[in-house]
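[1] have a look; sequence and predicted model below, questions after that.
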Amino acid sequence: KGDATNPLVRCRLVVQETKYRTTIDAQDIGATFAATPPFESLRLVLSECMMGTDAWSVERVIGFLDISRAHPHADLHRKVFITVPSDIGGSRVKRLLKNLYGLKDAPQNFELKVRELMLALGATQGLFSPCHYLVGKLWVMVHGDDFFCLGTRQEVKDFAAGLGKDLIVKTRGILGPRKDLGDIQEIICLNRILRWIPATSSNMDKIEIEADARHANLILEHLGLKKDSKGVTVPSTKVNMGTGELLNPEQHSHFRSISMRAAFLAEDRADLKFPTKELARCMSAPTTVAWDQLRKLGRYLVQAPRVVQIFARQKRPSVMTIYSDSDHAGCLRTRRSTSASVVMLGTHCLKVSSTTQVPIALSSGESEWYALVKSATIGLGLRSSARDFGQEYELDLLTDSSAANGIGQRRGAGGVRHIETRSLWLQQQVTD
C-alpha cells in the first residue's frame with residue numbers, strides 16, 4: 001500500500017486456496033459471500049456529521065478504526081489442512097483452527113465475528129445493510145476490517161475500548177475540528193481524501209471529500225498524457241463507439257484497465273459518470289473510436305484534475321430530494337436512453353447515477369418515466385440506509401417532464417400501452 005513517497009509494506013502468511021484446491025463448492029455463493037456497505041453510506045455518515053448546530057451536534061466527530069490481523073480473529077468452521085513453509089518447525093502439514101488470509105470464506109467468517117461482537121456491545125444491526133450498526137447514538141459503518149464511527153469523542157473512545165477486548169484495534173485517527181484534543185483534519189480512507197475544515201468567524205465548519213489524485217495521474221500516465229498536455233473542457237462527445245476497427249488483444253486489455261480506473265474515479269466525480277458509463281458499454285469489443293473517447297476523457301482530466309465535494313454544516317432537513325432526468329434515445333448505436341439521478345439531503349449530495357435504460361423508449365415521456373422509476377429506487381435505498389441509523393426522511397421525487405409526472409399521478413398504463421408494466425409499482429407508491 002502507500003506510494004513511492006510514503007510506502008506502507010505489510011508481510012503476511014497467506015493460504016493459496018483456489019477453485020481447484022478447496023472443499024467449498026464453486027456454485028455455493030452463500031459459503032463465501034461477505035457484505036460490504038454501499039459507498040453512499042460513507043457520504044451519509046459525512047452528511048450526518050454536519051447536521052445540526054446545537055452543542056451535541058457540533059461535538060460529534062468521525063473515528064477511523066482499523067483491525068490488525070483481522071481474519072485470524074475469527075474461528076474456522078470447516079476442516080482445512082495446509083502445507084506450511086519449511087522454516088516453521090514440526091510437521092509441514094498442519095490443521096488450521098483460525099482463519100488465515102487467502103481462505104475463500106475468511107471474509108465471511110470475520111463478518112460473522114464482527115456481528116457477534118457488535119451485538120454483545122448492544123448494537124442494533126441494520127436491515128438494509130448488515131454493515132450498518134447503531135450503538136446507542138453512535139453510528140458505526142463496517143467496511144472489511146475498517147470501522148467508521150460517528151459520535152462524540154468519548155463515544156468513539158468507549159466503543160474502541162469495548163471492541164479492543166476481543167480484537168486488535170488501532171485508531172487511525174479522529175477527524176474533527178479540535179487539534180488541541182488530538183483530532184486530525186485530513187485522512188485517506190477507501191482511496192478517498194477526507195478533510196475537516198474548521199469553522200471561522202464568517203463560515204461554518206465543513207467536510208471535504210475528493211478522490212485520491214493518484215487515480216487521475218495513473219490514467220494520464222497509461223494514456224501517454226502529461227499534465228501540460230492540451231486539455232479539453234468536456235469529457236465526452238456523442239459518437240457511435242461501435243464504429244471503427246476493433247482493438248488488438250493488448251490494446252483491449254489496456255482499454256479495460258483504464259476504463260475501470262476511470263469508473264472508480266467517477267464514484268467521486270459526477271462529471272465523469274456519463275462518459276465512464278458509455279466506455280464501460282464498449283468493454284467487450286472496444287474500437288478505435290472508443291479509444292479516442294477514452295483519450296478525450298484523459299485530456300479532460302488534464303483540464304480538470306480534481307473535484308472536491310463539500311459537506312457544509314446545515315440544519316437537519318426533513319426531506320431527501322431526488323432529481324431525475326433522461327437523455328431520450330441518446331445512444332447513436334442502439335437508440336437507448338440514459339437515466340440520470342441526483343440525491344440531495346439539504347445541500348449535501350449523497351449520490352449521482354447515470355445508467356443506460358434497458359427498454360427502448362418510444363417517446364421522451366416514456367424515457368423520463370423510466371428515469372423517474374430508477375431515481376425512486378435509488379432514493380428508497382438511501383432512505384433505508386438512513387433508517388438503519390435511526391433517521392427517517394420523506395422522499396421528494398422531482399422531474400421536469402409533465403408526461404412522466406402524469407403517468408405517476410394515475411394508476412395503470414392508460415394510453416401508454418407499450419410501457420413496461422414492471423415500472424408501474426411507482427404509481428402505487430405515489431398513491432400511498
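    Nice, thanks for sending it over.
[2] residues near Ile29, how many?
    By other CB atoms under 10 Å, the residues close to Ile29 number 9. Placement of C-beta: from N, CA and C, glycine included.
[3] from Thr421, how far off is it?
    Applying CB to CB, to the nearest Å, one obtains 30 Å for the distance of Ile29 from Thr421.
[4] again, but for Gly414
    12 Å.
[5] one more: Val302?
    Taking CB to CB, one finds Val302 at 47 Å from Thr421.
[6] neighbour count for these two, which is higher?
    Comparing Val302 with Thr421 by other CB under 10 Å, the one with more neighbours is Val302, at 18 against 8.
[7] in the stretch 1-150 of the chain, where is pLDDT below threshold?
    When residues are selected by pLDDT under 70, those of the stretch 1-150 of the chain lie in 1-3.
[8] now do the same contact list for Tyr300.
    Tyr300 makes contacts with Gly231, Val232, Thr233, Val234, Pro235, Ser236, Pro275, as judged by CB atoms under 8 Å, 6 or more residues apart in numbering.
[9] which of those lies closest to Ser86?
    Using CB to CB, Pro275 is the member of those that lies nearest Ser86, at 52.0 Å.
[10] what's the per-residue pLDDT of the residue nearest to that closest one when sequence neighbours are not counted here?
    Counting by CB to CB, 6 or more residues apart in numbering, Pro275 lies nearest to Ser236, which is 3.7 Å off, once chain neighbours are set aside. Looking at Ser236, its pLDDT reads 85.
[11] would you agree Ser236 is in contact with Lys296?
    Yes. Taking CB atoms under 8 Å as the definition, Ser236 is a contact partner of Lys296 at 6.3 Å.
[12] got the CA coordinates for stretch 268-286 in PDB?
    Extracted in PDB, the C-alpha atoms of stretch 268-286 (Å, rounded to 0.1, in the frame of the first residue of the first chain):
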ATOM      1  CA  ASP A 268     -16.500  10.700  -6.500                       C
ATOM      2  CA  ARG A 269     -16.900  12.800  -9.700                       C
ATOM      3  CA  ALA A 270     -20.300  13.400 -11.100                       C
ATOM      4  CA  ASP A 271     -18.700  15.000 -14.200                       C
ATOM      5  CA  LEU A 272     -17.300  11.600 -15.200                       C
ATOM      6  CA  LYS A 273     -20.400   9.400 -14.600                       C
ATOM      7  CA  PHE A 274     -21.800   9.600 -18.100                       C
ATOM      8  CA  PRO A 275     -18.500   9.200 -20.100                       C
ATOM      9  CA  THR A 276     -17.300   6.200 -18.000                       C
ATOM     10  CA  LYS A 277     -20.700   4.600 -18.300                       C
ATOM     11  CA  GLU A 278     -20.500   4.800 -22.100                       C
ATOM     12  CA  LEU A 279     -16.900   3.500 -22.100                       C
ATOM     13  CA  ALA A 280     -18.000   0.500 -20.000                       C
ATOM     14  CA  ARG A 281     -20.600  -0.400 -22.600                       C
ATOM     15  CA  CYS A 282     -17.800  -0.900 -25.100                       C
ATOM     16  CA  MET A 283     -15.800  -3.200 -22.800                       C
ATOM     17  CA  SER A 284     -16.500  -6.400 -24.600                       C
ATOM     18  CA  ALA A 285     -15.400  -5.100 -28.000                       C
ATOM     19  CA  PRO A 286     -13.700  -1.700 -27.900                       C
END
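[13] that one - what's its average pLDDT?
    Mean predicted confidence for stretch 268-286 is 95.
[14] now that stretch: buried residues?
    Using 16 or more other CB atoms under 10 Å as the test for burial, stretch 268-286 gives 268-270, 272-282, 286.
[15] also stretch 214-224?
    His215, Ala216, Leu218, Ile219, Leu220, Leu223.
[16] would you verify that the first one is located in a helix?
    Spelled out, it's His215. Yes. If the criterion is DSSP: H, G, I helix; E, B strand; the rest coil, then His215 is within a helix.
[17] name the single longest helix found in this protein.
    As assigned by DSSP state H, the longest helix anywhere in the chain is helix 364-388.
[18] which strands and helices sit next to it?
    Packing partners of helix 364-388 (3 or more CB pairs under 8 Å, 6 or more residues apart in numbering; DSSP states H and E): helix 40-49, strand 132-135, strand 319-327, strand 338-345, strand 348-356, strand 394-399, helix 402-409, helix 425-431.
[19] now these in TSV, with distance to Ala4 and mean neighbour count?
    TSV is the format used below for those (distance: least, CB to CB, whole Å; neighbours: other CB atoms under 10 Å):
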stretch	distance to Ala4	mean neighbour count
helix 40-49	27	23
strand 132-135	36	22
strand 319-327	42	21
strand 338-345	37	22
strand 348-356	32	20
strand 394-399	46	16
helix 402-409	51	17
helix 425-431	51	14
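[20] out of these, the one nearest Arg256 is which?
    Checking the helices and strands packed on helix 364-388 against Arg256 by CB to CB gives strand 348-356 as the closest, at 18.1 Å.
[21] contact partners of the closest one?
    40, 43-44, 46-47, 50, 270, 273-274, 277, 281, 309, 311, 314, 320, 331, 336-344, 374-375, 378, 382.
[22] do stretch 37-44 as well
    With contact meaning CB under 8 Å, 6+ apart, stretch 37-44 is reached by 129, 131-132, 141-143, 148, 189-190, 192, 209, 267, 311, 343, 345, 348-351, 381-382, 385-386, 389.
[23] assumed Leu297 was part of a helix.
    Yes. Applying three-state DSSP, one finds Leu297 inside a helix.
[24] so it touches Phe274, yeah?
    No. The criterion here is CB under 8 Å, and Leu297 misses it with Phe274 at 10.4 Å.
[25] overlap of the contact sets of those two?
    Common neighbours of Leu297 and Phe274 (CB under 8 Å, 6+ apart) are Pro235, Ser236.
[26] just the helices in the stretch 151-300 of the chain please.
    Here the stretch 151-300 of the chain has its helices, by DSSP state H, counting those that start in this stretch, at 153-163, 213-222, 249-266, 273-281, 288-303.
[27] generate a ChimeraX selection restricted to the buried subset of the contacts of Tyr300.
    Restricted to buried positions by 16+ other CB under 10 Å, the ChimeraX selection for these reads:
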select :232,235,236,275
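[28] for the contacts of Tyr300, which one is nearest Pro85?
    Pro85 has its nearest neighbour among the contacts of Tyr300 in Pro275, at 47.5 Å by CB to CB.
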